[in-house]
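1. Quick one: sequence plus predicted model below, questions after.
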Amino acid sequence: MLLRYYTRRCLWQLACILLAIPAFSRPITDRRKLLPDKSPIMHTHITTTEKFVIAKLFIQPVSIEEFRQALETLAIQTRKEPGCIDYTYYPEPGVAGAFTLIEHYRNQESLQHHFLQPYLAAFVKKMEGWKSKDLQVYFLSIEPDALKEGK
């Protein structure tokens with residue numbers, strides 16, 4: 001149980017270091033107030049099939065408000081998907097127009113289901129007009145053979 005907790009914490013810290021985002025550096029124990037038994041260990045444990053996507057989006061200053069509204073709509077729709085565990089986004093501190101998305105899915109099938117949704121395709125199409133430079137996408141998994149083809 002502790003190993004799962006530390007694995008989850010390690011993944012989040014890796015994402016923070018990878019993306020150099022100080023906003024993610026808050027202690028994971030802050031979430032214990034959300035737990036019914038006040039336990040410092042989170043009840044949601046990462047399995048070897050779960051997938052994470054971290055995307056950095058760079059938006060033109062004139063498009064930021066329109067982008068935020070569309071992103072909030074996308075987040076609401078994505079969180080309703082059966083395989084979505086979490087879908088969060090943040091403006092990047094100190095970098096105007098930069099946003100980070102953190103997506104967490106139960107398995108590869110859930111992630112593929114998300115990629116096939118028409119509302120995601122519509123959002124991606126709109127991104128072409130909003131972006132100031134190409135997005136960066138990172139896929140994370142604790143699955144031992146996650147880097148093999150087809151994973």
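-> Looks like it came in fine. Numbers count the residues shown, from 1 in each chain.

2. C-alpha from now on. contacts and neighbour counts both.
-> Noted.

3. low pLDDT regions in this structure?
-> Within the chain, the set of residues satisfying pLDDT under 70 comprises 1-46, 143-151.

4. mind redoing it with 50?
-> Applying pLDDT under 50 to the chain flags the ranges 16-43, 151.

5. Direction included, what does the top strand by length along the chain pair against?
-> What stands out as the longest strand in the chain, according to DSSP state E, is strand 131-141. Using DSSP bridges, strand 131-141 pairs in its sheet with strand 51-59 (antiparallel).

6. Check which residues of the strand it pairs with are buried.
-> Using 16 or more other C-alpha atoms under 10 Å as the test for burial, strand 51-59 gives 51-59.

7. Next: stretch 136-144.
-> By neighbour count with 16+ other C-alpha under 10 Å, stretch 136-144 contains the buried residues 140-142.

8. In this structure residue 114 contacts residue 78, no?
-> Yes - between residue 114 and residue 78 there is a contact at 7.2 Å, judged by C-alpha atoms under 8 Å.

9. before we move on, back to that, which residues outside the longest strand of the chain are in contact with it?
-> With contact meaning C-alpha atoms under 8 Å, 6 or more residues apart in numbering, strand 131-141 is reached by 48-60.

10. Residue 98: which of those is nearest?
-> Using C-alpha to C-alpha, residue 58 comes nearest to residue 98 of the contacts of strand 131-141, at 4.5 Å.

11. shouldn't that closest one be in contact with residue 92?
-> No - using C-alpha under 8 Å, residue 58 is not in contact with residue 92, being 9.7 Å away.

12. Overlap in contacts, those two.
-> Common neighbours of residue 58 and residue 92 (C-alpha under 8 Å, 6+ apart) are 98-99.
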